[in-house]
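[1] Sharing a model that was predicted from the sequence below.
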Amino acid sequence: MSFRSLFLSLAIGLGLAGAAYAQSFPVTIAHAYGETIIPAKPQRIVTWGWAAQDAVIALGEVPVGIPHFSYGGDENGALTWTKQAVSELGADFPTILPDGFDAPVEAIAALQPDLIIAVYSGLTAEEYGLLSGIAPVVAFPETAWSTPWQQTITITGEAMGKKTEAEALVAELEQFIVDETAKYPEVAGASFATIAQYNGEVAVYADLDSRVKFLVDAGMVSAPSVAKLSQGESFFYSLSFESFEELTADALISYFESPEADAEFFSNPVIALHPQVQEGAVAHIIGAEFINAISPPSALSLKWGYPQYIKLIAEAVRAGQTE
């Protein structure tokens, strides 16, 4: 075989290999509101809800529009890790949509998107219908605000034509979690309960909440008391201060926006008498940005927040073990 023939054979082989890994369009994605057909690789993506914007950016592209993040964002509603990643791509920062709970249909339409990704969101059926008149819309697969972070990345990647890259990114991030968690062997199998304060009561995150599922995936165990006290609530429930002592775990994980709010909650005499609180078996997660980074994490926020998160949890578990 001549050198030219060998070169052509190798080139054809590499081309076929590349074609085998390339994702072709149209792509059909099933979700809670039916199926969405994406006819061609999208060029102008708008994201709505949480985490999809970071998945798009982590996969090497920048949306034309993203949500405003008043919780944990800067004065413009932009998140630290999102800004850093866009800067590293050398791109202009995307348009930030108006702040609000409802999808800003007119503002999204003005950006002339060819794809709208709302895979982790509270998108309603009515909003889905309105937005579908603008561009193909990918909603959450089953239940609002409950898409696992891995699936948020893979669905987003498939919609972008980057299914293989998205799967590789998930594998990389899962390994990152494994490696970081392995630094603290005491957390493996340790039970936990995640709490905050809401309307003068203790807010407890139940077993279907994303932050609970995230820690279970990391090898911890949702404390049996969480389910026992839930009264059938799957995501979140309120517990009176008087009943707080019944919520037991190897470690409590609390979320407060400021040191002052954290101190006020734990200075309550009823809270202060809880066995885990007295032992110091509490991981105090303080600050909207920190909370936003890990509850749940995104494709970009995970590496930013998880190392400190698991360190604090490990310290809480150790405090309980030493008593």
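    It's in. Residues are numbered from 1 along each chain as shown.

[2] What ranges does the chain have for its strands?
    Using DSSP state E, the strands of the chain run over residues 27-31, 34-38, 45-47, 65-66, 95-96, 115-117, 137-138, 191-198, 201-205, 221-222, 236-239, 251-256, 282-286.

[3] can I get those in JSON lines with mean neighbour count and distance to residue 167?
    The way it works is simple: take the backbone N, C-alpha and C, and place the C-beta from them, glycine included. Compiled in JSON lines, the strands of the chain are given as follows (neighbours: other CB atoms under 10 Å; distance: least, CB to CB, whole Å):
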{"stretch": "strand 27-31", "mean neighbour count": "17", "distance to residue 167": "15"}
{"stretch": "strand 34-38", "mean neighbour count": "15", "distance to residue 167": "18"}
{"stretch": "strand 45-47", "mean neighbour count": "29", "distance to residue 167": "19"}
{"stretch": "strand 65-66", "mean neighbour count": "24", "distance to residue 167": "23"}
{"stretch": "strand 95-96", "mean neighbour count": "16", "distance to residue 167": "29"}
{"stretch": "strand 115-117", "mean neighbour count": "29", "distance to residue 167": "17"}
{"stretch": "strand 137-138", "mean neighbour count": "28", "distance to residue 167": "17"}
{"stretch": "strand 191-198", "mean neighbour count": "21", "distance to residue 167": "29"}
{"stretch": "strand 201-205", "mean neighbour count": "21", "distance to residue 167": "28"}
{"stretch": "strand 221-222", "mean neighbour count": "18", "distance to residue 167": "27"}
{"stretch": "strand 236-239", "mean neighbour count": "17", "distance to residue 167": "31"}
{"stretch": "strand 251-256", "mean neighbour count": "25", "distance to residue 167": "30"}
{"stretch": "strand 282-286", "mean neighbour count": "20", "distance to residue 167": "30"}
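
[4] Would you reformat those as CSV and include mean pLDDT and distance to residue 126?
    What follows is the strands of the chain, written out as CSV (pLDDT from 0 to 100; distance: least, CB to CB, whole Å):
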stretch, mean pLDDT, distance to residue 126
strand 27-31, 98, 15
strand 34-38, 98, 14
strand 45-47, 98, 18
strand 65-66, 98, 20
strand 95-96, 98, 24
strand 115-117, 98, 15
strand 137-138, 98, 12
strand 191-198, 97, 28
strand 201-205, 96, 28
strand 221-222, 98, 34
strand 236-239, 94, 24
strand 251-256, 98, 31
strand 282-286, 98, 35
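
[5] a markdown table for the ones you listed, including distance to residue 322?
    Compiled in a markdown table, those are given as follows (distance: least, CB to CB, whole Å):
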| stretch | distance to residue 322 |
| --- | --- |
| strand 27-31 | 48 |
| strand 34-38 | 53 |
| strand 45-47 | 45 |
| strand 65-66 | 45 |
| strand 95-96 | 46 |
| strand 115-117 | 46 |
| strand 137-138 | 48 |
| strand 191-198 | 17 |
| strand 201-205 | 25 |
| strand 221-222 | 20 |
| strand 236-239 | 27 |
| strand 251-256 | 12 |
| strand 282-286 | 14 |
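
[6] which one of those strands lies closest to residue 318?
    strand 251-256 (9.0 Å; CB to CB).

[7] got the angle for that closest one vs strand 282-286?
    Strand 251-256 and strand 282-286 meet at an angle of 20 degrees, taking axes from the mean of the first three to the mean of the last three CA atoms, to 10 degrees as the criterion.

[8] What are the boundaries of the helices in the stretch 51-200 of the chain?
    Applying DSSP state H, counting those that start in this stretch to the stretch 51-200 of the chain gives helices spanning 52-58, 80-88, 105-110, 125-132, 149-160, 163-182.

[9] Would you mind finding the most buried of those helices?
    Mean neighbour count (mean count of other CB atoms under 10 Å) peaks for helix 52-58 among the helices of the stretch 51-200 of the chain, with a mean of 28.
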